[in-house]
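> quick one, fold the following:
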Amino acid sequence: MRERYPFSEDVVCHPSKWTTMERGIQYLRELAEQEMIYYDLDNVQLPTDPNEVQCTRSMWQKFVRSAPSIYANLLAVMEWKGEEGPTVDEVAAQLQQYEENLSSPLDSAVEKLSRKVQQLEENMSYSPHI
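From the prediction side, this is the model:
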């Protein structure tokens, strides 16, 4: 592969940082597509779906470097099982789960605050005007 594409490591898909988890997952898929393009063409087990591509160390480093600080710490400590990295689909599922866990407390706090405001508005509308 290095003989065919000696500069494949220097190709940058998306140099700017992503800001949402959705954009981060999209960027990870772009990195997977880049990996597919520069993959060993003689390998018959080449995945045709970017979600089935296993994350390489190089892909992972680019992805973590592009992450906003709120996600960078999580990504830096994610574990790899053995020598082979997880597939893009597995990483996307973990990231979506993290995003849900991160936003759940905030969502419940906003919902609770909305109920209190609604209750106050109802109390104000029922109180007699002096």
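> quick one, helices of this protein?
For the chain, helices defined by DSSP state H occupy the ranges 21-37, 57-65, 69-77, 88-126.
> how about these, which one is nearest P47?
Counting by Cβ to Cβ, P47 lies closest to helix 21-37 out of the helices of the chain; the figure is 6.9 Å. Placement of C-beta: from N, CA and C, glycine included.
> can you pull the buried residues of that closest one?
Buried residues in helix 21-37, counted by 16 or more other Cβ atoms under 10 Å: M21, G24, I25, Y27, L28, R29, E30, L31, A32, Q34, E35.
> would you enumerate the residues in contact with the fifth one?
Pointing back at L28 there. Counting by Cβ atoms under 8 Å, 6 or more residues apart in numbering, L28 touches C55, M59, F63, V88, V91, A92.
> and if you look at the last one?
With contacts defined as Cβ under 8 Å, 6+ apart, the neighbours of E35 are V53, T56, M59.
> what's the answer for the third one, then?
When contacts are counted by Cβ under 8 Å, 6+ apart, I25 touches A92, L95, Q96.
> any idea which of the residues you listed has the most stuff around it?
Compared across these, L95 has the highest neighbour count, 21 neighbours, by other Cβ atoms under 10 Å.
> just to check, that one is in contact with G24?
Yes - judged on Cβ atoms under 8 Å, L95 makes contact with G24 at a distance of 6.6 Å.
> shared neighbours of these two, anything?
Residues touching both L95 and G24 (Cβ under 8 Å, 6+ apart): Y71.
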